[in-house]
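# just a sequence and a predicted model for now, questions to come.
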Amino acid sequence: MPIYEFKCKECGHEFELIMRASANKDEVTCPKCHAKNTERLMSAFSAGTSSSGGFSASSSCGGGAFT
Ligand SMILES: [Zn+2]
């Protein structure tokens with residue numbers, strides 16, 4: 001199940017929610033202050049690599065050219 005991280009812009013409270021695909025992610029209420037002024041944080045798992053390159057040479061596993 002996908003877990004999304006949210007942060008409340010009102011009180012700064014960060015929380016996680018398990019949401020279904022059909023759920024409206026734009027209407028998330030802060031469990032602490034009940035404000036709807038929340039933003040979704042990018043999960044470390046699914047966020048694309050922001051650095052340059054992406055997949056390239058350094059193979060950490062299964063490289064096989066050791067000897
Ligand atoms: Zn809040």
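Yep, that arrived.
# around the ion, pick out the residues from the protein.
Along the chain, the residues adjacent to the ion under the rule C-beta under 5 Å from the ion are 8, 10-11, 13, 30, 32-33, 35. Any C-beta I mention is one placed from the backbone N, CA and C, and that applies to glycine too.
# so what's the residue nearest to Cys11 when sequence neighbours are not counted up against?
Leaving aside its sequence neighbours, Cys11 sits nearest to Cys33 (C-beta to C-beta, 6 or more residues apart in numbering; 4.5 Å). The contact partners of Cys33, taken as C-beta atoms under 8 Å, 6 or more residues apart in numbering, are 8, 10-11, 13.
# filter those down to the buried ones and hand me the PyMOL line.
Restricted to buried positions by 16 or more other C-beta atoms under 10 Å, the PyMOL selection for the contacts of Cys33 reads:
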select buried, resi 8
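# nearest to Ala21, out of the contacts of Cys33: which one, please.
Cys8 (23.0 Å; C-beta to C-beta).
# which stretches of this structure form strands?
3-8, 14-18, 38-41 (DSSP state E).
# any chance of those in TSV with mean pLDDT as columns?
As requested, these are arranged in TSV below (pLDDT from 0 to 100):
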stretch	mean pLDDT
strand 3-8	92
strand 14-18	92
strand 38-41	92
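# quick check, pLDDT for the nearest residue to Asn37 once chain neighbours are set aside.
Leaving aside its sequence neighbours, Asn37 sits nearest to Lys9 (C-beta to C-beta, 6+ apart; 4.5 Å). What the model reports for Lys9 is a pLDDT of 97.
# Lys9 is in contact with Glu39, isn't it?
Yes. Applying C-beta atoms under 8 Å, one finds Lys9 in contact with Glu39, separated by 6.1 Å.
# max pairwise distance over the contacts of Cys33: which two?
Pairwise distances across these (C-beta to C-beta) peak at 8.2 Å, for the pair Glu10 and His13.
# where exactly do the helices run in the protein?
In chain order, the chain shows no helices, with DSSP state H as the criterion.
# that's all I had, so thanks and see you.
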